[in-house]
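Trainee: Any chance you can model this:
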Amino acid sequence: MVVLNATDDNVVAATLPFAVRFWNRDMPAGAPVTVSSNGYVLMNNSMVNSLRGTIPSAGTPNGMIAPYWGGTYPVMPGVCIATVGTAPNRRWVGEWPDAHHCCSRGTTRTTYEIIVSETSGIIDFVYREMMDARMSTVGRENDTGTMAIGGCPMGATSCTPAPMSSTRFVPI
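Mentor: The predicted model follows:
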């Protein structure tokens, strides 16, 4: 389902299709989340839009899953979300297909996904096409902005993701 139809600097409310544990908080099925055209999902309903930033940071937004947080905007069809599989092994997928960086439409082409797995709580970032990708914030941040886990090499929270690569976050 397309949730952000080829729009720049925008957010939309969505809900989780199944229960998820995010950091130290159990989120029930139907919990509100915020999807941003700028390459992140907020695991709350704060509806904050931000072009870029660093994690951790006490400043908003917080409670973030960021596969590629930077000033991007998806072109047609836009940011899509879907639930695939059957319980208890479903996956909630957010995809930013053919997302461009601000002011460089036509030269930048990035396609990346967040995949949240039911039961296991595993979160995957999957990078497909990353032509002319830029250094961006990649990782997860807790609800207060005091802790983050980077999704870049050596645990860094800022990098340029490689095409045809992925990062996996496994809860302990």
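Trainee: In space, what's closest to the residue nearest in space to the middle of the chain - neighbours in sequence excluded?
Mentor: With distances taken as C-alpha atoms, centre = their mean, residue 40 lies nearest the centre of the chain, 3.4 Å away. Residue nearest to residue 40 in three dimensions, not counting chain neighbours: residue 66, with 4.1 Å by C-beta to C-beta, 6 or more residues apart in numbering. Every C-beta, even on glycine, is put in place using the N, C-alpha and C of the backbone.
Trainee: How about residue 8?
Mentor: Nearest non-adjacent residue to residue 8, counting by C-beta to C-beta, 6+ apart: residue 73, 3.7 Å away.
Trainee: Look up which helix or strand that neighbour falls in, please.
Mentor: Assigned by DSSP states H and E, residue 73 belongs to strand 72-74.
Trainee: now that strand, how far from the centre of its chain.
Mentor: Relative to its chain's centre, strand 72-74 lies at 12 Å (C-alpha atoms, centre = their mean, to the nearest Å).
Trainee: now it: mean pLDDT?
Mentor: With pLDDT averaged residue by residue, strand 72-74 scores 79.
Trainee: what's it in contact with?
Mentor: Residues from elsewhere that reach strand 72-74, judged by C-beta atoms under 8 Å, 6 or more residues apart in numbering: 4, 6-9, 37-39, 96-102, 108, 110.
Trainee: doesn't residue 71 make contact with the residue nearest to the centre of the chain?
Mentor: No: Residue 40 is beyond contact range of residue 71, at 11.8 Å (criterion: C-beta atoms under 8 Å).
Trainee: neighbouring strands for the strand holding residue 73, and are they parallel or not?
Mentor: strand 91-101 (antiparallel) (DSSP bridges).
Trainee: Do a quick rundown of the helices in this protein.
Mentor: With DSSP state H as the definition, the chain shows no helices.
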